[in-house]
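Colleague: Predicted model follows, preceded by the sequence.
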Amino acid sequence: MFKLLGGLPRSRFSSAKLRFQSQPSCISKIWFGPLPKDSNWVKPGRLHYIEDEVEKQTDIIKTIDGVVVLLYNKSRKKLILVKQFRAAVYHGIYSAGSLDMSKGEADLDKFPPGIGFTLELCGGAVDKDKTLEEIAKEEALEECGYEVSTESLQHVFDYRSGIGTTSNAMTMYYCEVCDDQKVSEGGGVETEKIQVLEMSLEESRKMIETGTKTNGGPSTLLGLLWFFLYKAPQVST
């Protein structure tokens, strides 16, 4: 259904790297453990408050804010998304029906790693001393291999994610790119293993049809809905 960008010929980077990028991620073992107190990404806590003279409390999780970018390649008339393994998604499916955190090694025969792969907009955490536009520009390059300017990023939404527990701030941008801006294979940095996918408008529209199921987060569906409401009529002509 989806076409990997790794198979596209580019004059600005090697075909060998492109072939490498097209290789699927291979996960051979999964196991669960307790959250360390020094986690750099998640901080659990409890908030107390008085409402209408009634004392209440809510368990919350502090996470880092993020940015996402919906990329549209106007040279190819394709939307650019990313596919990657998300541990939280895997555990959510693995432990469905239970509030307990799983322990020990996962049964990969019963719960193969594939259930934890998501289809998303490119994006990342706001964990640098830079503007949101600068971080969005970096993510487009690191994950998808497109060199974009901050001026070309169109601000779409500011919203909250996981308002029942985390409520981290999210900012969405839209950016149109062309083949000449594809300067690397993307795929993420350091230990990230990200596959870059391009989707036709027909394929993308199917993702937001009533009754469709997806492992992608709300940002993906929100971005696609916005695109087909405001952009698709112009870019498809």
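Modeller: Alright, I've got the coordinates.
Colleague: Spatially central residue in this structure, please.
Modeller: The chain has E120 as the residue nearest its centroid, 3.9 Å off, counting by C-alpha atoms, centre = their mean.
Colleague: Surely it touches S219?
Modeller: Yes. Counting by C-beta atoms under 8 Å, E120 touches S219, with 7.0 Å between them. All C-beta spots, glycine's among them, are computed from the backbone N, C-alpha and C.
Colleague: Look up which residues are beta-bridged to I50.
Modeller: E55 (DSSP bridges).
Colleague: hey, which helix or strand in this protein has the poorest pLDDT?
Modeller: Scoring the helices and strands of the chain by mean pLDDT, DSSP states H and E places helix 15-21 at the bottom, with a mean of 34.
Colleague: burial of the closest residue to S25 other than its chain neighbours, as a residue count?
Modeller: The shortest distance from S25 to any non-neighbouring residue, by C-beta to C-beta, 6 or more residues apart in numbering, is to K193 (4.6 Å). Other residues within reach of K193, judged by other C-beta atoms under 10 Å, total 14.
Colleague: Give the rounded mean pLDDT of the helix or strand that the least confident helix or strand of the chain is followed by.
Modeller: Using DSSP states H and E, the helix or strand that follows helix 15-21 in sequence is strand 31-32. Mean pLDDT, strand 31-32: 96.
Colleague: if we can go back for a sec, intersection of neighbour lists for E120 and S219?
Modeller: V68 (C-beta atoms under 8 Å, 6 or more residues apart in numbering).
Colleague: following the helix or strand where E176 lies, which helix or strand shows up next?
Modeller: E176 belongs to strand 168-177 when assigned by DSSP H and E. Sequence order places strand 195-200 as the next helix or strand after strand 168-177, per DSSP H and E.
Colleague: which strands and helices sit next to the helix or strand following that following strand?
Modeller: Sequence order places helix 201-206 as the next helix or strand after strand 195-200, per DSSP H and E. Under the contact definition 3 or more C-beta pairs under 8 Å, 6 or more residues apart in numbering; DSSP states H and E, helix 201-206 sits against strand 78-85, helix 218-230.
Colleague: most neighbours per residue, which of these?
Modeller: Stretch with highest mean neighbour count among the helices and strands packed on helix 201-206: strand 78-85 (a mean of 22; mean count of other C-beta atoms under 10 Å).
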